[in-house]
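In: show me how the following folds:
(chains A and B)
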Amino acid sequence: MPSFAPKVDPKNPYDTPHAPTWCPGCGDFAIWISLKKALEQLNKKPHEILIVYGIGCSGNMANNIRTYGWHSLHGRAVPTAVGAKLANRNLTVIVAAGDGDSYGEGLGHFIHAIRGNVNVTYIVHNNSIYGLTTGQASPTSSKGMKAKSTPEGLIDEALNPIALAISAGASFVARGFSGNAAQLQNLMVQAIQHPGFAYLDVFQPCVTFNKLNTYSFYYERVYDLQADKSYTAQDRQAAFVKALESDKLPTGIFYKDSKRKTYEDELAYLQGKALATYSGKPRSVKKLFSEFK
Amino acid sequence: MSRYLFSWKIGGEAGFGIKSSGLMFSRLCNRVGYEVFGYDEYPSLIRGGHNTFEVTVGKEPVASVARSIDILVALNTEAITRHRNELNHGAVIIYDEKTTQITLTEDELKRNIKLEHVPFGEIVASVKGSPVMRNTVSLGASAALLQIPFKMLAGVIEHTFGHKAEVLDTNIKVAQLGYDVIAKRIETIDFKIKLPEIPNNIEMLLTGNEALALGALAADLRFYAAYPMTPSSSILHYLATKAVSEKLIVKHAEDEIAVINMALGASHTGVRAMIGTSGGGFSLMVEALGLTGITETPLVIVNVQRPGPATGLPTWTEQGDLRFVMHAAQGDFPRIVLAPGDHAECFYLTAEAFNYADRYQVPVIILSDKFLAESYRTVQDFNDSLVKIDRAKSVMSDSALARMKNYKRYAVTETGISPRSVPGQANGVYLANSDEHDEFGYSTEESAMRIAQVRKRAEKFALAAKALNGANLYGDPKAKTTVVAWGSMKGPVQDAIHWLPDKLRDRINFLHLNILWPFPSEKVRQILSRSKQALLVENNSNAQLGGLIREQTGIHIEHRLLKYDGRPPYIGEIKERIMDLF
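Out: As a prediction, the model looks like this:
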C-alpha cells in the first residue's frame, strides 16, 4: 500500500514524486513545465498557490505539480476556484482544465466567471479533441472532423472561445501555443499578475488522437500579436477582429483591462482580508433578534 | 385542547397584501400575550391566483395548522367558496357585501356560522386610501371581534409602517373605521372567542428558514451560496442582508452546480460554508455531493423540500426527499442527514450541523420543507451561548502542522478522521482529489490503497453512528401506543396529541427523529418493541421513513397517515387517526 511522500527538492519545489502520464510529445508537457517556471519566476511558494484542475488529460497534471491542489469534477474547476479565491484572496488561484471541460460541460461557468472578474487565472489546455476518453470531437474541433463520435464528420461549427471571452467582457484574454514555451511562460506570468479573471487558451496538440491540429498545423499558422508594437491589446473591438482570424492564428495577449475592479475588491466590507481572518469563534446573534419582534 | 384557542384565516388574490396582514395579525396576538403559528399558502405566480394566510393562536406554543377556522376574512368571493368547508362551529366570516354575494347554507346556519359585512371598499375610498388597504380594514374588524383594544392594533400597524409616515396614518385611519363597524354591534354578534390581554414577553416571530439562518450565523458561517429556488430562497434573502455587518460572503451563483462547487472551494480554504436549495437544485448538486465525500470536505447543505418530481408543486410542502438525499451520488461514502422538527431545532441543529461536518469531514444535509421553512412561529430568544464550535481536526494551527513530521492529509487512522491543513499553511501542501487517492491525495488505482481509503471513510460514519442519536421520545416511555414521525411533522403531531382527551393522551408517546442518517436503529427498535401499536405520520406518499425503519430494525409499522397533496397534515386529521387506533 505505497503512498509516495512528496519529498521536497529545494531546486524543484513544484515537483511531486509522480511523473506525468501523457503520451510522448503531448502538448501538455510544455504547459506543465511553463507553469512551474512561471510560478518560480513569480517567486510563489507552493503553499501560497491553489491550482484547481479539471478532469481529462489536463487534469491529470494534478499529480505532477506540488502546490495546494483541488482535482475537481469535469467542467467544474472554475466555480471551485472562484469560491476559494473569494474566501481567501491571499492565495494565488489558478485553474488548469481542458477544452471539453471548459467549453463543453463547463461553458456556463466560464461566462459567469468573466462577469464576476474574480482574480483567478484560467489556463485551458485546448487540443480540440477529447483525449482521455480516446478521441471524440470537442467543442473546438473543426467542422467536418472525423472522430469516434463523428465517423461521418462533425456537423457542429467549432466554438471560438477567444471571441466569446472578449464579447463577454473578459478583462484579460490571451492565447498561447505549446510549441512556443518561452512565450507561454511569459503569458502565464502576465495572466497570474493580472488583477482580475485572466483567461489563457493554449493550443496544445494531441499527438495521439487529433491528426488535424498537429504541431505543424499550428507552426504554419501562429504569429505573435505582440510582435506588432502598434497592437496595444487595449482596444476591445480590435481584439475582437483579431479573435475572428482563422487563416492565420494570433497568439499573445488579445485584450487586457487592468482597471476593472475585481469581485473581491467590490466586497469592500471585508477590507481586503481573507474570510478566515474573521472566523474561528461563535458569533453572537442576540443583536439580530430584535428585528423579529 | 388547552393550548389551542382559535384559528383566523385571510384569503384573497395575490397582491392583496395577504401575507402582510397575516403577519400583522400574528404579531397583534403575540403582543396581547398569546402564541401563534402562521402559515401562508400561495400558487407559483406573482399577481392573481388565490393566496391565504392562516394563523393558529394558543395560550401555549402552537406549531401547526388547524384548518378549523373561527374567523375567516374574505377579501373576495373565492375566499368564501374555497374555505367555507373549513369553518368551525360558530365561525364568523368578515366580508364586504358590495363585492361578495354569498348566502349561507342551511347547514352553515345550523352550525351558527355568521356573515359580518364590513364595507372594506367604502372605508378605504372615504380616506382616499389605496385599494390594498382593505386588508387593514379587515384587521381592525378582526381585532374588534376578539375585543382587543384598538391601541394594540395601532401599535402593530406602526411597527409595520412606521418608516412610511403617510401610509401609516391612512392605515391607522382605515383600521379604526373597520374596528368601529364591528365594535358598535359586538353585543349582537354571537361569538364566544375573546382575546383578553395576558402578561407575556414579546417574542420573536420568525420562519423556519430565518431560524436556520440564525443558527448558521451563530455557528460562524462565512460563505453562503445559493441559486433562488422556492422554498429555500428566504435563507438567501436573509443572509444577504447580513453579509456586510456579519462579515460573510453571500453568493448568488449562476446555477446549483456552481453553488456547491464554489462552496467546496471556500470550505477548502478553511471557512465554514453552507448552501441552500430545494430538491430540483439538490439534484444538480449530486455529483459534487460525491466530490464532497471523497475529498472529505466539510459542507452543510440545506434542502428545503417541496413536492416533486421535477417542478412538482413549487410553493407547497412535502417530505419526499429523504431517500433521495440518503442515497444521492454514485459510490459509497458517508454523509449525515438531519431533519429539524421545529423552529428552535432549525436554530440549534443547524448550528450543530457545522460541528458534525468538521468533526467527521463529511457533507451534512439538512432536510427542511416548505411547511417548516416558511411558517411563522412565536419563539423565545434562542440561547446563542449554547452554540459551541468544534472544528476538531478540520483546522490545525500553523505550529501544530509544523510539528507533524510526515503530514498526510488522508492518513489512514483508526477513527478514519485525518488532520486537515488549508491552502496558505506552510508544510501542509496536499491535493484534494476527486480520483481515488493515496494518503497524500495523489491519484492511485492500487487495490490495497483503494480498500484502505474506502474503509477509512466508512470508519468515520461508524464513529458518527456511535456518537449521534436522532431518536427523541416524548411522553410516557411506558405508553403502549407510539406515534412516529420525522422532521417538520413534530409540531403537527404534538399539537394533535394535545387535542386528544386527557385519558387518551396519557396512553400515547411520540417518537420523533431529527437525525435520520446515521439511523438510530438500536433506540428506534427498543422504543417500537415496547409499544403495542404505532402510527406513522409522514408528509409523503411512500412512507419513506417507514421503509427505512423496516430496513434498519425489521419492524413494520402498519398504521400510516400519509399526506401528499402539498398540504401538511392538519391537527384534526392526525387526532382522528390516533383516535381510530382505540
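In: tell me the residue in chain B that is farthest from the middle.
Out: Farthest-out residue of chain B from its mean C-alpha position, per CA atoms, centre = their mean: residue B:405, at 47.2 Å.
In: ok, now how distant is it from residue A:47?
Out: 17 Å (CB to CB, to the nearest Å). The way it works is simple: take the backbone N, C-alpha and C, and place the C-beta from them, glycine included.
In: for chain A, what's the nearest residue on the stretch 101-250 of chain B?
Out: Closest residue of the stretch 101-250 of chain B to chain A, CB to the nearest CB: residue B:204 (3.8 Å).
In: quick check: next helix or strand after the helix or strand harbouring residue A:202?
Out: Assigned by DSSP states H and E, residue A:202 falls within strand A:198-203. For strand A:198-203, the following helix or strand on the C-terminal side (DSSP H and E) is helix A:215-221.
In: buried sites along that following helix?
Out: Neighbour counts over helix A:215-221 (16 or more other CB atoms under 10 Å in any protein chain shown) mark A:217, A:218, A:221 as buried.
In: strands along the stretch 151-293 of chain A, start to end?
Out: Ranges of strands within the stretch 151-293 of chain A are A:172-177, A:198-203, A:222-224, A:249-256, based on DSSP state E, counting those that start in this stretch.
In: check contacts around residue B:70.
Out: B:6, B:7, B:8, B:88, B:90, B:91, B:92, B:193 (CB atoms under 8 Å, 6 or more residues apart in numbering or on different chains).
In: repeat the analysis, applying 6 Å as the threshold.
Out: With contacts defined as CB atoms under 6 Å, 6 or more residues apart in numbering or on different chains, residue B:70 is in contact with B:6, B:7, B:88, B:91, B:193.
In: ok, residue B:467 next?
Out: Contacts of residue B:467 (CB under 6 Å, 6+ apart): none.
In: quick one on the thing from earlier: which of the strands of the stretch 151-293 of chain A sits closest to residue B:395?
Out: strand A:198-203 (30.2 Å; CB to CB).
In: now the terminal residues of stretch B:9-24, how far apart.
Out: The straight-line separation of the ends of stretch B:9-24 (CA to CA, to the nearest Å) is 12 Å.
In: let me redo that: stretch B:479-498
Out: Across stretch B:479-498, first to last residue, CA to CA, it's 15 Å.
In: contacts for that stretch?
Out: Outside stretch B:479-498, the residues touching it (CB under 6 Å, 6+ apart) are B:3, B:63-64, B:319, B:339, B:341-342, B:367, B:369, B:371-372, B:505, B:507-513, B:531-537, B:545, B:568-569, B:571, B:574-575, B:581.
In: what's the helix or strand for residue 31?
Out: All of this is about chain A. With DSSP H and E as the test, residue A:31 turns up in helix A:28-41.
In: please go with chain B instead
Out: helix B:18-32.
In: how many neighbours does residue B:390 have?
Out: 11 (other CB atoms under 10 Å in any protein chain shown).
In: again but with residue B:143, I slipped
Out: Residue B:143, neighbours per other CB under 10 Å, totals 27.
In: per-residue pLDDT, it?
Out: Residue B:143 carries a pLDDT value of 98.
In: now the closest residue to chain B within the stretch 151-293 of chain A: how far from residue B:376?
Out: In the stretch 151-293 of chain A, no residue comes nearer to chain B than residue A:292, which is 3.8 Å away by CB to the nearest CB. For residue A:292, the distance to residue B:376 (CB to CB) stands at 9 Å.
In: what residues do these two have in common as contacts?
Out: Counting by CB under 6 Å, 6+ apart, the residues touching both residue A:292 and residue B:376 are residue B:205.
In: and the residue of the stretch 51-200 of chain A nearest chain B?
Out: For the stretch 51-200 of chain A, CB to the nearest CB, closest residue to chain B: residue A:83, 2.9 Å.
In: wait, isn't that residue in contact with residue B:269?
Out: No. Using CB atoms under 6 Å, residue A:83 makes no contact with residue B:269, being 8.3 Å away.
In: shaky segments in chain A?
Out: Chain A contains residues with pLDDT under 70 at A:1-7.
In: chain B contacts on that one?
Out: A:1, A:3, A:6, A:18, A:46-47, A:50, A:62-63, A:68-71, A:73, A:76, A:79-80, A:82-84, A:86-88, A:91, A:108-109, A:112, A:269, A:275-276, A:278-279, A:282-286, A:289, A:292-293 (CB under 6 Å from any CB of the partner chain).
In: helices - which of those land there?
Out: Judged by DSSP state H, the subset of these located in helices is A:79, A:80, A:82, A:83, A:84, A:86, A:87, A:108, A:109, A:112.
In: what ranges do the helices span in the stretch 51-200 of chain B?
Out: Taking DSSP state H, counting those that start in this stretch to define them, one finds helices in the stretch 51-200 of chain B at B:77-83, B:106-110, B:120-126, B:134-145, B:150-161, B:165-184.
In: which parts of the stretch 151-300 of chain B sit against chain A?
Out: Going by CB under 6 Å from any CB, the residues of the stretch 151-300 of chain B near chain A are B:202, B:204-206, B:214, B:217-218, B:220, B:222-223, B:244, B:247, B:249, B:254, B:258, B:261-266, B:268-271, B:287, B:291.
In: and the residue nearest the centre of the chain?
Out: Since you didn't name a chain, this refers to chain A. Note: chain A centre (CA atoms, centre = their mean) maps to residue A:123, 1.8 Å.
In: should've been chain B
Out: For chain B, the residue nearest the mean C-alpha position is residue B:372 (2.1 Å; CA atoms, centre = their mean).
In: got the confidence number for that residue?
Out: 98.
In: helix, strand, or coil at it?
Out: helix (DSSP: H, G, I helix; E, B strand; the rest coil).
In: was I right about it contacting residue B:207?
Out: No. Between residue B:372 and residue B:207 there is no contact under CB under 6 Å: 8.5 Å.
In: coming back round to it: which secondary structure elements does the host helix or strand of the residue nearest to the centre of chain A contact?
Out: Secondary structure from DSSP H and E places residue A:123 in strand A:121-126. On a contact count with 3 or more CB pairs under 6 Å, 6 or more residues apart in numbering or on different chains; DSSP states H and E, strand A:121-126 meets strand A:92-98, strand A:198-203.
In: run me through the strand neighbours of the helix or strand that comes right after that strand, direction for each.
Out: Next along the chain after strand A:121-126, taking DSSP H and E as the criterion, comes strand A:129-130. Applying DSSP bridges, strand A:129-130 is found paired with strand A:136-137 (antiparallel).
In: which non-adjacent residue is nearest residue B:304?
Out: Nearest non-adjacent residue to residue B:304, counting by CB to CB, 6 or more residues apart in numbering or on different chains: residue B:232, 4.0 Å away.
In: show me what contacts the one you found?
Out: Per CB under 6 Å, 6+ apart, neighbours of residue B:232: B:276, B:277, B:278, B:304.
In: widest-spaced pair of these?
Out: Largest pairwise distance in the contacts of residue B:232, by CB to CB, is 8.6 Å, between B:276 and B:278.
In: for the two, indicate the residue with more neighbours.
Out: More neighbours surround residue B:276 than the other of residue B:276 and residue B:278, with 32 against 27 (other CB under 10 Å).
In: how about the strand or helix carrying that one: buried residues?
Out: In this assignment (DSSP H and E), residue B:276 forms part of strand B:273-277. Buried residues in strand B:273-277, counted by 16+ other CB under 10 Å: B:273, B:274, B:275, B:276, B:277.
In: ok so, going back, am I right that the residue of the stretch 101-250 of chain B closest to chain A is in contact with residue A:292?
Out: Yes. Residue B:204 is within contact range of residue A:292, at 3.8 Å (criterion: CB under 6 Å).
In: so the two - more neighbours on which side?
Out: residue B:204 (22 against 19).
In: on the strand side of things, show who the more buried one bridges to.
Out: In this entry, residue B:204 is beta-bridged to residue B:379, by DSSP bridges.
In: quick one: which of residue A:83 and residue B:269 has more around it?
Out: residue A:83 (33 against 27).
In: list the contacts of residue 198.
Out: Answering for chain A, as no chain was given. By CB under 6 Å, 6+ apart, the neighbours of residue A:198 are A:121, A:172, A:191.
In: look at chain B instead
Out: Neighbour list for residue B:198: residue B:33 [criterion: CB under 6 Å, 6+ apart].
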